[in-house]
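Trainee: Okay, structure incoming, though there's no sequence with it:
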């Protein structure tokens, strides 16, 4: 837990040591962000420089205007799958306009104060989305781990992996890269398990990159290296008017909406998680959403990767005892300085090393323990999580999320339409049956209610007890009307206490539905 967050403008910021906390935190976040920015860019099918540009914009610009005091923004693994698919289908030129439009959508949504509505997203769907993304990252980056090119789809990556792995294991192409990648994962895993408490702020990814890169250089191992331009600004690719006109393509419009929704949901849910890590100022969700929109518009204009609020870097910021959003701003400055002055150092980094970091990150995203936690809210919740994960891996991110939402709504409908129907025969009234309805009578219960009505013996008067009926919809009323209309031919009648039912069916009466009042 960090102390209460203050802003630099308040008196005592320097005298109370808050600047020192922010400065130290910014260095820690920078060291975490540097390899992730480049690795996520490579996983997205883009140049590492595009990831660095997004990290710089996320720090310097979004950090300045953000609504979440300690959240860090930058390229996110959660969007790598979307970017890779977009670039594969429409080319790099389509990315800038799509991200620009997605950012505009986020900005408008923030100004219209709809940020808090993103928190309505089912946690099971979000958890399933992150797990599905994690599996896809592992599937694609396992190929990059061996200096091979990933396939377009998750299942294709899994199908092709055995052959690539066998070639690397038997000493063929990719064997050296495989050792580099596995060494990276081993260092990160070992540091996570064995690091001393005093060095808890030192990121394992940094140790892995430094150690593996040094070993590769000293031993002269031949593996693919990161390609970073000597001038970072040469990686900027401003969209042309013809590129912007491409947004008239319906597919690209859908992509922009998808980016905006996924990025917004991930950002605001991450912000909520960061708020639970400290006791200071809370997130202003609409401001944070608008700030992300501005950031993505700038990234789209520069032809860089899209950004979100990212939980790994944000957690490192909180754990490093950051005091204000200045730590986020400074981390963007460190990224800029490092990329501008030391690009030759970045070019020593093996691609397989960054792939190892992303494989490790992807495995962490697939947290199977949360299935047990979600199951505590009902097996249906756990089923939504599993179905969302499987759908994303088997199809694509958008389809999987839509399936998850649909299943969540179906589960909600089933839960809210619980209805108990009990038919009893009062003593001493031989021709009378009472059907008690308890719950909500909706269209989902029409088949069950129809079967119950069909079992009413001829010559009986069926009285509906609706004192515990919370809701009845049009479909159920139509079913009752049909029964009442045909009851005479069977010697039956349907009797309803309209004083009780009328409170639950606004605008409905015996004359409209054809039911006989009690």
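Mentor: Good, I have the coordinates. Since this is a predicted model, take the numbers as computed values, not measurements.
Trainee: Just read off the phi/psi values of the residue nearest to residue 318 when sequence neighbours are not counted.
Mentor: Nearest non-adjacent residue to residue 318, counting by C-beta to C-beta, 6 or more residues apart in numbering: residue 277, 4.5 Å away. Every residue, glycine included, has its C-beta placed from N, CA and C. When read as degrees, to the nearest 10, the backbone of residue 277 gives phi -90, psi -10.
Trainee: what about residue 277, neighbour count?
Mentor: 16 (other C-beta atoms under 10 Å).
Trainee: same question, residue 17
Mentor: So residue 17, with other C-beta under 10 Å, has 11 neighbours.
Trainee: Now it: phi and psi?
Mentor: phi 80, psi 10.
Trainee: Equivalent analysis for residue 67, please.
Mentor: phi -100, psi -10.
Trainee: Please renumber the chain so that the first residue is 13 from this point on.
Mentor: Let's use 13 as the start, then, which means that last one is residue 79.
Trainee: okay, it: pLDDT?
Mentor: With respect to pLDDT, residue 79 scores 92.
Trainee: My guess is it contacts residue 298. True?
Mentor: Yes. Residue 79 is within contact range of residue 298, at 7.0 Å (criterion: C-beta atoms under 8 Å).
Trainee: Who has more neighbours out of these two?
Mentor: residue 79 (24 against 19).
Trainee: Nearest residue to the more buried one in space, please, no chain neighbours.
Mentor: Per C-beta to C-beta, 6+ apart, closest to residue 79 is residue 299, 3.0 Å.
Trainee: And for residue 61?
Mentor: residue 247 (3.5 Å).
Trainee: Pull the contacting residues for that neighbour.
Mentor: Contacts for residue 247 (C-beta atoms under 8 Å, 6 or more residues apart in numbering) come out as 59, 61, 62, 65, 241, 315, 316.
Trainee: filter those residues to the buried ones?
Mentor: 59, 61, 62, 65, 315, 316 (16 or more other C-beta atoms under 10 Å).
Trainee: Distance of the nearest residue to residue 296 once chain neighbours are set aside relative to residue 447?
Mentor: Closest residue to residue 296 apart from its sequence neighbours, by C-beta to C-beta, 6+ apart: residue 79 at 3.6 Å. Between residue 79 and residue 447 the computed distance is 54 Å (C-beta to C-beta, to the nearest Å).
Trainee: Break the protein down into its domains, please.
Mentor: 30-421, 431-529 (automatic domain parsing).
Trainee: quick one, which of the ones you listed is packed in tightest?
Mentor: Among the domains of the chain, domain 30-421 has the highest mean neighbour count (mean count of other C-beta atoms under 10 Å), at a mean of 21.
Trainee: End to end on that one, go ahead and measure it.
Mentor: Counting by C-alpha to C-alpha, to the nearest Å, you get 46 Å between the two ends of domain 30-421.
Trainee: Can you give the distance from that domain to the centre of its chain?
Mentor: 11 Å (C-alpha atoms, centre = their mean, to the nearest Å).
Trainee: lowest-pLDDT helix or strand in this protein?
Mentor: helix 522-525 (a mean of 41; mean pLDDT, DSSP states H and E).
Trainee: and the nearest residue to residue 221 once chain neighbours are set aside, what helix or strand is that in?
Mentor: Spatially, and ignoring its direct neighbours in sequence, residue 221 is nearest to residue 47 (5.0 Å; C-beta to C-beta, 6+ apart). Secondary structure from DSSP states H and E places residue 47 in helix 30-55.
Trainee: for the residue in the chain sticking out farthest from the centre, phi and psi?
Mentor: Most distant residue from the mean C-alpha position of the chain: residue 440, 61.9 Å away (C-alpha atoms, centre = their mean). With angles defined as degrees, to the nearest 10, residue 440 sits at phi 80, psi 0.
Trainee: likewise the one 5 residues further on?
Mentor: Geometry field for residue 445 lists phi and psi as phi -120, psi 150, criterion degrees, to the nearest 10.
Trainee: Next, find the distance separating it from residue 434.
Mentor: For residue 445 relative to residue 434 (C-beta to C-beta), the value is 11 Å.
Trainee: just residue 351 next, same as before
Mentor: 71 Å.
Trainee: What's the mean pLDDT across stretch 183-193?
Mentor: In this model, stretch 183-193 has an average pLDDT of 90.
Trainee: Where is the longest strand in the chain?
Mentor: strand 473-484 (DSSP state E).
Trainee: just checking, what packs against that strand?
Mentor: strand 444-453, helix 486-499, strand 505-508, helix 510-513 (3 or more C-beta pairs under 8 Å, 6 or more residues apart in numbering; DSSP states H and E).
Trainee: Make TSV from the ones you listed and add distance to residue 140 and mean pLDDT to it.
Mentor: Output for the helices and strands packed on strand 473-484, formatted as TSV (distance: least, C-beta to C-beta, whole Å; pLDDT from 0 to 100):
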stretch	distance to residue 140	mean pLDDT
strand 444-453	27	90
helix 486-499	31	88
strand 505-508	44	86
helix 510-513	40	58
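Trainee: Done for today, thanks.
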